[in-house]
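Colleague: when you get a sec, could you give me coordinates for this:
(one chain, ligands or ions: 1)
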Amino acid sequence: MKRQVLIIGGGLAGLTAALRLSAQGYAVTLVDQGSELGGRLLQSDTETLPVVVLGYQQATLSLLQTLGTASHVSFSNRLRLEFRLPDSGASGTARRVRWPRPLLPAPFHTILGLAFFHGLSRRDRWHLLMLLERTWEGDPPLPADLEHRTAAAWLTESGQSTDAANHVWNPLAHFLVGNGLTNISAAILIATLTRCFLTARRHAGLAIPDCDLRPLFLEPAHEKLLQAGVLLRLDTAVEHLRFDAHRITGVQLRSGGMLTADWYVAALPHRHLTPLLPERALTRFAYFQHLTKLTDTPALTVHLWLNQPVPAPHVLLLAERPFHWLVCRAEGESADRQTRVSLTATGRPDLLARPDQELLELALKEVVTAFPSAGVAGAKDYRIVRQPHAFLSTGAGTAALRPLQQSPFPNLFLAGDWTDTGLPATLESAILSGTLCAKAIQAKQTGTP
Ligand SMILES: Cc1cc2nc3c(=O)[nH]c(=O)nc-3n(C[C@H](O)[C@H](O)[C@H](O)COP(=O)(O)OP(=O)(O)OC[C@H]3O[C@@H](n4cnc5c(N)ncnc54)[C@H](O)[C@@H]3O)c2cc1C
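Modeller: I've put the predicted structure just below:
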């Protein structure tokens, strides 16, 4: 008889676990309290996230292959990270500077690119190149306590100027890690920069999917899960996880029913998981106690639909502005072609409290100053999405609190972008966590270490 797995949560983590486990021959049930799969990818009934896929995100690319939608994500050398630097000097004009990606193998593409990157002063580039050389030679090696320092402190110690931190590293940290330099650890910044810029050249590539996330991930995943015989129970909220001394014995639904299985995967945000656990699990196991210490970072997205041909596709990181990055995407067919510009700010709870009209004006002003030649006068339509719990905060010391997939209960596994994948809490982390859960269950089932 097939072994049964119950997965709670149908975001990318849960649906990846469901796809992988059903392919391995398990009888899978997936429950989610929402009326459709997708979790945080869904910003409203019609909008999904303005996602940018990075070349290093191998788990994401592998999931797209499984779903048959990889052709919607193509990396081109023309789409590159671009920085909008603040108005400088007497001229008072803002500069847009692109990150160079010379056609060289890693890490030489970054070393040469850095030498010609005019977003940093000559002195900052020199310090950085020296740091790379010293680290490469292990003389001295990177300090062991980087997880306990902020990225801001480490950059200062490494000789980066305040301008470099504010104009380049801070917007890059918001874009790659989801928060500013003072709110993330040096370790997560270094690990992410290393993955993007110092491994394969293709890992620094950027792609904006040419379709929405529903046809990209959610609709094909839904179809594949049904084809694989996965039982999908949407609009089904879990109220409690039931335990005896050693294992999970079942899942209590808010509607009153109870579900049981051989293996359980909780693919929920951490703040949704802890209320489902019995008090004694929280007091007895440091593994669960740690979850109560995790915190989240808010995000605000303003989507604007413009008639004007703003350059698209485009990813622009914004220094010392209310928003931290914007993504431009062309939408529709030739006659009613329009540009969608999505502006995102992370780690700014103050912005979430502002009225829509004020945020709309801020966003339009940003587009006008970023693309003065486009002559943007107004938006045809707009949507504002406030997410108080968008990303896991990865401040100094957080890594030790992020749980591995295997819990102290042998039949319970945790998935989610916030678990211990070593990555910032992004799509890639969510998808990887789902794959790791499937592998861990298979290894336990077959008794392989
Ligand atoms: C504004 C914003 C921009 C982002 N931009 C990017 C980007 O450009 N690139 C990138 O890689 N990532 C980005 N992300 C991050 C990405 O959205 C997340 O990492 C990913 O969607 C998390 O997936 P998940 O499965 O871990 O969690 P979730 O998507 O939160 O899934 C959890 C699921 O659990 C369900 N659930 C909760 N409680 C219960 C319960 N009691 N019973 C049953 N079900 C329950 C929820 O309904 C939900 O479907 C962004 C996020 C935000 C908010």
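
Colleague: buried ones in the longest helix along the chain, by neighbour count?
Modeller: Assignment by DSSP state H gives helix 427-446 as the longest helix of the chain. For helix 427-446, a neighbour-count test (16 or more other Cβ atoms under 10 Å) marks 427-442 as buried. Backbone N, C-alpha and C define where each C-beta goes, glycine included.

Colleague: mind listing what the residue lying closest to residue 161 once chain neighbours are set aside touches?
Modeller: Using Cβ to Cβ, 6 or more residues apart in numbering and skipping residues adjacent in sequence, the residue nearest residue 161 is residue 124, 5.5 Å away. Applying Cβ atoms under 8 Å, 6 or more residues apart in numbering, we find residue 124 in contact with 159-161, 163-164.

Colleague: same question, residue 206
Modeller: Taking Cβ under 8 Å, 6+ apart, we find residue 206 in contact with 52-55, 75, 79-81, 315.

Colleague: ok, those vs the ligand, which is closest?
Modeller: Comparing those against the ligand with Cβ to the nearest ligand atom places residue 52 closest, at 4.8 Å.

Colleague: that closest one contacts residue 213, correct?
Modeller: No - if you go by Cβ atoms under 8 Å, residue 52 and residue 213 don't touch, sitting 11.8 Å apart.

Colleague: what residue ranges in the chain score low on pLDDT?
Modeller: For the chain, the stretches flagged by pLDDT under 70 are 87-93, 334-335, 449.

Colleague: how does it divide into domains?
Modeller: Following automatic domain parsing, the chain resolves into domains at 4-46+211-294+396-446, 103-201, 296-392.

Colleague: tabulate those (TSV), appending distance to the ligand.
Modeller: TSV is the format used below for the domains of the chain (distance: least, Cβ to the nearest ligand atom, whole Å):
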stretch	distance to the ligand
domain 4-46+211-294+396-446	2
domain 103-201	7
domain 296-392	3
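
Colleague: include distance to residue 67 when you put those domains into a markdown table, please.
Modeller: Converted to a markdown table, the domains of the chain look like this (distance: least, Cβ to Cβ, whole Å):
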| stretch | distance to residue 67 |
| --- | --- |
| domain 4-46+211-294+396-446 | 4 |
| domain 103-201 | 23 |
| domain 296-392 | 20 |
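
Colleague: show the subsequent helix or strand relative to the host helix or strand of residue 328.
Modeller: Using DSSP states H and E, residue 328 maps to strand 325-331. Per DSSP H and E, strand 325-331 leads on to strand 338-346 as the next helix or strand towards the C-terminus.

Colleague: paired strands for that next one, with orientation please.
Modeller: Strand 338-346 pairs in its sheet with strand 296-306 (antiparallel), strand 325-331 (antiparallel), by DSSP bridges.

Colleague: may I have the strands that pair with the helix or strand following the longest one, each with its orientation?
Modeller: This points to strand 296-306. Once strand 296-306 ends, the next helix or strand along the chain (criterion: DSSP H and E) is strand 314-318. Strands that pair with strand 314-318, judged by DSSP bridges, come out as strand 82-88 (parallel), strand 325-331 (antiparallel).

Colleague: residue 385 should be in a strand, yeah?
Modeller: Yes - under DSSP: H, G, I helix; E, B strand; the rest coil, residue 385 falls within a strand.

Colleague: quick check: it touching residue 43?
Modeller: Yes - using Cβ under 8 Å, residue 385 is in contact with residue 43, at 4.3 Å.

Colleague: name the residue in these two with the higher neighbour count.
Modeller: Using other Cβ atoms under 10 Å, the more surrounded residue of residue 385 and residue 43 is residue 43, with 21 against 18.

Colleague: next, give phi and psi for that one.
Modeller: Phi and psi for residue 43, reported as degrees, to the nearest 10, are phi -90, psi -20.
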